[in-house]
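Q: Build me a model:
(2 chains)
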Protein chains: 2
Amino acid sequence: MFEQLGLIGCGLMGGSFALALRRAGLVKRVVGYSKSPSTTERARQLGVIDVEAPSALLAVSGADIVLLAVPVSATESTLKAIRHLVRPDMLLMDVGSTKRDVVDAARRVLRDQVGTFVPCHPITGKENAGVEHAASDLYTDRQVIITPIERTLVAQLKRAEQVWQAIGSRVLKMSPDAHDAAYAAVSHLPHVLAYGLVTSIHEQPQGQEFLSLAGPGFRDFTRIAASDPAVWRDILLANRTELLAQSRQFRDALARFEKLIEEGNAHELEGLIRAASEIRARWRMGQRLED
Amino acid sequence: MFEQLGLIGCGLMGGSFALALRRAGLVKRVVGYSKSPSTTERARQLGVIDVEAPSALLAVSGADIVLLAVPVSATESTLKAIRHLVRPDMLLMDVGSTKRDVVDAARRVLRDQVGTFVPCHPITGKENAGVEHAASDLYTDRQVIITPIERTLVAQLKRAEQVWQAIGSRVLKMSPDAHDAAYAAVSHLPHVLAYGLVTSIHEQPQGQEFLSLAGPGFRDFTRIAASDPAVWRDILLANRTELLAQSRQFRDALARFEKLIEEGNAHELEGLIRAASEIRARWRMGQRLED
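A: All right, here's what the predicted structure looks like:
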């Protein structure tokens, strides 16, 4: 049981974390801060936080658990704003979608205190950002990737695992680099492809007409293209090396499909499609495929 | 009210059409044929069809409404198999995802009787093919594109519209070419991109690991990659010219994203993402975006 959650960033991710902690009876008081005062006010009106803090530092004051739920590019400045109140007995976590850059920022800013910080990435989200869409079950049955470094304190790491498990998440641990490589492939690149498809269609003279004809396949394929632009700009830039490597791999695969289609090579095209289709049909979220 | 539906192809699309007609009280008897006898038998066991026909021709015998629900590459051979029983007072439709090739096949095979044939494409589907997944509401609230040619009989066209509307679909009419251009962009290319992404990830040494870490964004983005391989092989080949043109447009858009990411151009990258995100957030299936 925590006395006070200091929530920095009262949007979808932060707000849902506060609601989940409350529902699990894990926190007595939530003090929240968002860059935009109207967001903080809205979070209080919705009962997501109890008290509005006028600064990140004041949200942390008196907190024994702190969550950074800000765009990844704001991690460093946020850590700077709060570093004087970071104590070794405090559980300090983030929810950023990239981890190499977040860990680097934490090292630079927190220095000797970096062991207090536990870098986390919950594999969840919604295309609708904002505290209005926060839900206490956003993290239920979802994976949370924790990417400790050598200096991460064992006690904080353990408490972080316990908190996520207590709100229904499954915890996996890996290195920041392994994390960023994996999510470049399965999350960041798909976002770029979805943005790219919508852009490509929209810019054609008949784009509006085409879009009005699209069905449920398009709906699901492009759902992630509605995600928050500032958040995703940051993620794509923060993980650019891995992302561009994945994009090159993808282009090669696309070129093979195009070549077979152009040649009318039905046999090999079906083989490629069948392999992909079988992998996807057997795929289950959070599970390893059997070979 | 029809006396008898001759159903050629008792899979997801065909089976669902039979169930929908029944539910709407529009048909007395369904005689079904599938290339695989076990599928036809299964369709009868599930109550999707009343009678198993041993051939396409015998499924059409005595029918006043006939639906071809076969992969598009089988359209021509199927029409050849049944052409001796095609009569001007019969309503003959298909549900193929490409229309130029289907219309060309109908012209070649049906000749003077081509006016009887009404080319249709319902914008619906599921990643799980097969009669087991047939549902009487698959067509409810979905668009059905009808692509008549000059020779299509007005009476048949009108009856086709009425049938789809009676089972809850919204009918749109356009030329086969306009249809194929639009669906290359909003359906066929997304399938290739989804297949391409799964292929690209799976072929990497850490592919299995990466896939086990994927979350709900990946799930929805790749849902269409589980679609039936033979059906989609045919669609991609049948509409290859339009599809490859769309793929080139898409590659250009992707290259612009890559360039901005590589350069770290946050401002322009956010602009591109924001434009795509706003379009997608405002998009509603079956509606035109307001400008």
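Q: now do the same end-to-end measure for stretch A:78-91.
A: Its first and final residues considered, stretch A:78-91 spans 16 Å by C-alpha to C-alpha, to the nearest Å.
Q: which of the residues in it are buried?
A: A:78-79, A:81-82, A:85-86, A:90-91 (16 or more other C-beta atoms under 10 Å in any protein chain shown). For every residue, glycine as well, the C-beta is placed using N, CA and C.
Q: And for stretch A:157-169?
A: Quick answer for stretch A:157-169 (16+ other C-beta under 10 Å): A:157, A:159-161, A:163-164, A:167-169.
Q: Check those residues and tell me the two furthest apart.
A: With C-beta to C-beta as the measure, no two of the buried residues of stretch A:157-169 lie farther apart than A:157 and A:168, at 19.2 Å.
Q: how does chain A divide into domains?
A: Domains of chain A are assigned by automatic domain parsing as A:2-174, A:178-282.
Q: Which of those domains sits closest to residue B:273?
A: domain A:178-282 (4.4 Å).
Q: And the closest one, how far out from the chain middle?
A: What separates the centre of domain A:178-282 from the centre of its chain is 19 Å, taken as C-alpha atoms, centre = their mean, to the nearest Å.
Q: How about stretch A:41-56?
A: 22 Å.
Q: if we can go back for a sec, could you export the domains of chain A to JSON lines, including columns for distance to residue B:188?
A: Shown next, in JSON lines, are the domains of chain A (distance: least, C-beta to C-beta, whole Å):
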{"stretch": "domain A:2-174", "distance to residue B:188": "24"}
{"stretch": "domain A:178-282", "distance to residue B:188": "10"}
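Q: I'd like those domains laid out as CSV, including distance to chain B.
A: Shown next, in CSV, are these (distance: least, C-beta to the nearest C-beta, whole Å):
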stretch, distance to chain B
domain A:2-174, 4
domain A:178-282, 4
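Q: how about the ones you listed in TSV, adding mean pLDDT?
A: Formatted as TSV, these follow (pLDDT from 0 to 100):
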stretch	mean pLDDT
domain A:2-174	96
domain A:178-282	97
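Q: I'd like to know which of those is closest to residue B:46.
A: domain A:178-282 (21.1 Å).
Q: Between the two ends of that closest one, how far is it?
A: 24 Å.
Q: Then stretch A:60-72?
A: End-to-end for stretch A:60-72, by C-alpha to C-alpha: 19 Å.
Q: again with stretch A:63-79
A: This stretch, stretch A:63-79, spans 15 Å end to end (C-alpha to C-alpha).
Q: ok, then the element right after the helix or strand hosting residue A:42?
A: Element membership of residue A:42 [criterion: DSSP states H and E] is helix A:37-45. Under the assignment DSSP H and E, the closest C-terminal helix or strand after helix A:37-45 is strand A:51-52.
Q: packing partners for that following strand?
A: Applying 3 or more C-beta pairs under 8 Å, 6 or more residues apart in numbering or on different chains; DSSP states H and E, we find strand A:51-52 packed against strand A:27-33, helix A:37-45.
Q: Who are the packing partners of the last one?
A: With contacts defined as 3+ C-beta pairs under 8 Å, 6+ apart, the packing partners of helix A:37-45 are strand A:27-33, strand A:51-52.
Q: Just put these in TSV and tack on mean neighbour count.
A: TSV is the format used below for these (neighbours: other C-beta atoms under 10 Å in any protein chain shown):
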stretch	mean neighbour count
strand A:27-33	23
strand A:51-52	17
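Q: just so I know, which of the ones you listed lies nearest residue A:44?
A: Here strand A:51-52 is closest among the helices and strands packed on helix A:37-45 (C-beta to C-beta), at 5.3 Å.
Q: and the following helix or strand past the closest one, which residues are buried?
A: Sequence-wise, the next helix or strand downstream of strand A:51-52 (DSSP H and E) is helix A:56-60. By neighbour count with 16+ other C-beta under 10 Å, helix A:56-60 contains the buried residues A:56-60.
Q: Then stretch A:197-204?
A: A:197-202, A:204.
Q: Nearest to residue B:219 among those?
A: Looking across the buried residues of stretch A:197-204 and measuring by C-beta to C-beta, the closest to residue B:219 is residue A:197, at 17.4 Å.
Q: how deep is residue A:263 tucked in, by neighbour count?
A: 12 (other C-beta atoms under 10 Å in any protein chain shown).
Q: And for residue A:21?
A: Using other C-beta under 10 Å, residue A:21 is surrounded by 24 other residues.
Q: Chain neighbours aside, what residue packs nearest to it?
A: residue A:27 (4.3 Å; C-beta to C-beta, 6 or more residues apart in numbering or on different chains).
Q: Please tell me I have it right and the one you found contacts residue A:66.
A: No. Counting by C-beta atoms under 8 Å, residue A:27 does not reach residue A:66; the two are 11.5 Å apart.
Q: The helix or strand where residue A:195 lies vs helix B:189-202, what angle?
A: Secondary structure assigned from DSSP H and E places residue A:195 in helix A:189-202. Here the directions of helix A:189-202 and helix B:189-202 differ by 160 degrees (axes from the mean of the first three to the mean of the last three C-alpha atoms, to 10 degrees).
Q: Contacts only, for residue A:229.
A: B:270, B:273-274, B:277 (C-beta atoms under 8 Å, 6 or more residues apart in numbering or on different chains).
Q: The residues you listed also near chain A: which ones?
A: B:270, B:273-274, B:277 (C-beta under 8 Å from any C-beta of the partner chain).
Q: Which one of the residues you listed sits in the busiest neighbourhood?
A: Neighbour max across the ones next to chain A among the contacts of residue A:229 (other C-beta under 10 Å) = residue B:273, 26 neighbours.
Q: And for that one, nearest residue in space, chain neighbours not counted?
A: Ranked by C-beta to C-beta, 6+ apart and with sequence neighbours excluded, the top spatial neighbour of residue B:273 is residue A:229, at 4.4 Å.
Q: likewise residue A:142?
A: In space, residue A:142 is closest to residue A:124, 4.3 Å off (C-beta to C-beta, 6+ apart).
Q: just residue A:257 next, same as before
A: Computed as C-beta to C-beta, 6+ apart, the closest residue to residue A:257 that is not its neighbour in sequence is residue B:192, at 5.2 Å.
Q: And for the residue nearest to residue A:286 when sequence neighbours are not counted, the neighbour number?
A: Spatial nearest neighbour of residue A:286, chain neighbours left out: residue A:143 (5.3 Å); criterion: C-beta to C-beta, 6+ apart. Residue A:143: 20 surrounding residues under other C-beta under 10 Å.
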